[in-house]
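A.B. asks: can you look at this prediction? I've put the sequence above it.
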Amino acid sequence: MPVDDRPSDVRATAAALAHPQPMRRGALGERFMKCGKAACACHTDPDARHGPYFSLTRGVAQTTRSRFVTRAQAAVARTQVARAAVFRAHLEDYWQACERWADAELEAAAGETDAAQKGASPASSRRRSPRS
């Protein structure tokens, strides 16, 4: 059985990332809107606006993409967006743990004195021109 030499914090955060689940980037918005009928109360009374209408929004290739979803879909999407936030937090923890591990590896390499010291390489000899 191979020995796992990864630090415990790296193992723990990797384990948290290893369980895929449905998640979604972006945000879920809720809007109340005016309709196109000029005589409708929604034009004069903000409390009479129509809705709520739910939309999923996210940035894709320097543009904003939005789509309307139903109330039932909004409940599912809200959970998916929350899962993505937790995933991003675990991912950031993973990066930090790996960077601490990398720093420890650098420190260990700095402790090795053989070829890392200045002047450890043998001096090269210059070629001399042949005597005539």
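C.D. replies: Received, thanks.

A.B. asks: for this protein, what's the longest strand?
C.D. replies: Criterion DSSP state E: the longest strand present in the chain is strand 50-60.

A.B. asks: if we go by neighbour counts, what in the next helix or strand after that one is buried?
C.D. replies: Once the chain leaves strand 50-60, the next helix or strand it forms, by DSSP states H and E, is strand 63-69. Across strand 63-69, burial judged by 16 or more other C-beta atoms under 10 Å covers no residue at all. C-beta coordinates here come from the backbone N, C-alpha and C atoms, glycine included.

A.B. asks: what is the orientation angle of strand 63-69 with strand 50-60?
C.D. replies: Interaxial angle, strand 63-69 versus strand 50-60 (axes from the mean of the first three to the mean of the last three C-alpha atoms, to 10 degrees): 140 degrees.

A.B. asks: 824 is where my numbering starts, stick with that
C.D. replies: Let's use 824 as the start, then, which means that last one is strand 886-892.

A.B. asks: who does the next helix or strand after strand 886-892 touch, helix- and strand-wise?
C.D. replies: Scanning forward in sequence from strand 886-892 by DSSP H and E, the next helix or strand is helix 894-934. Here helix 894-934 touches helix 831-840, strand 850-856, strand 873-883, going by 3 or more C-beta pairs under 8 Å, 6 or more residues apart in numbering; DSSP states H and E.
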